[in-house]
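1. coords please:
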Amino acid sequence: MSVLFPKVPKPREWDYRPIYYDKEKEARKEKLARLHHGSFREEHEKHMSSVQKKHSSRLAFWVALLLLLLFAFWYVV
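-> Sure, this is the predicted structure:
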């Protein structure tokens with residue numbers, strides 16, 4: 001049988017998947033690449049500075065509220 005009908009391998013199928021641009025995915029890749037290149041310290045410092053600003057803002061709010069309450073209590077009594 002193999003003399004009359006030799007085995008011929010099938011041609012490879014063409015597996016084409018189009019690549020679409022995804023803005024969020026590119027941003028994630030870029031951020032991950034920046035973190036892998038030793039800028040973890042910079043990212044940490046940015047985060048800590050924003051936390052410190054938030055903390056100081058919150059502290060100023062509570063001090064002002066306390067002063068207003070003390071003034072109101074002093075004025076009422």
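
2. contacting residues for the spatially most central residue of the chain?
-> Taking Cα atoms, centre = their mean as the criterion, residue 28 is the residue nearest the geometric centre of the chain, at 6.7 Å. Not one residue lies near residue 28 by Cβ atoms under 8 Å, 6 or more residues apart in numbering. The C-beta positions use only the backbone N, C-alpha and C, and glycine is treated the same way.

3. three-state assignment of it?
-> Recorded secondary structure, residue 28: helix (DSSP: H, G, I helix; E, B strand; the rest coil).

4. Quick check, pLDDT for it.
-> Residue 28 carries a pLDDT score of 89 in this model.

5. same deal with residue 9?
-> Residue 9 is assigned 84 on the pLDDT scale.

6. Tell me how far the residue nearest to the centre of the chain lies from residue 40.
-> As judged by Cβ to Cβ, to the nearest Å, residue 28 and residue 40 stand 16 Å apart.

7. what does residue 62 give?
-> Going from residue 62 to residue 40 by Cβ to Cβ gives 33 Å.

8. Give the buried residues for the least confident helix or strand in the chain by mean pLDDT.
-> Lowest by mean pLDDT, DSSP states H and E among the helices and strands of the chain is helix 23-36, with a mean of 83. Buried residues in helix 23-36, counted by 16 or more other Cβ atoms under 10 Å: none are found.

9. Just the C-alpha atoms of that helix, please, in CSV.
-> Output in CSV follows, covering the C-alpha atoms of helix 23-36 (Å, rounded to 0.1, in the frame of the first residue of the first chain):
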residue,chain,number,x,y,z
LYS,A,23,-4.0,50.9,26.4
GLU,A,24,-4.5,49.5,29.9
LYS,A,25,-2.4,46.5,29.2
GLU,A,26,0.4,48.6,27.8
ALA,A,27,0.3,50.8,30.9
ARG,A,28,0.4,47.8,33.2
LYS,A,29,3.4,46.4,31.2
GLU,A,30,5.2,49.8,31.4
LYS,A,31,4.6,50.1,35.2
LEU,A,32,5.8,46.5,35.7
ALA,A,33,8.9,47.2,33.6
ARG,A,34,9.7,50.3,35.7
LEU,A,35,9.3,48.3,38.9
HIS,A,36,11.6,45.6,37.7
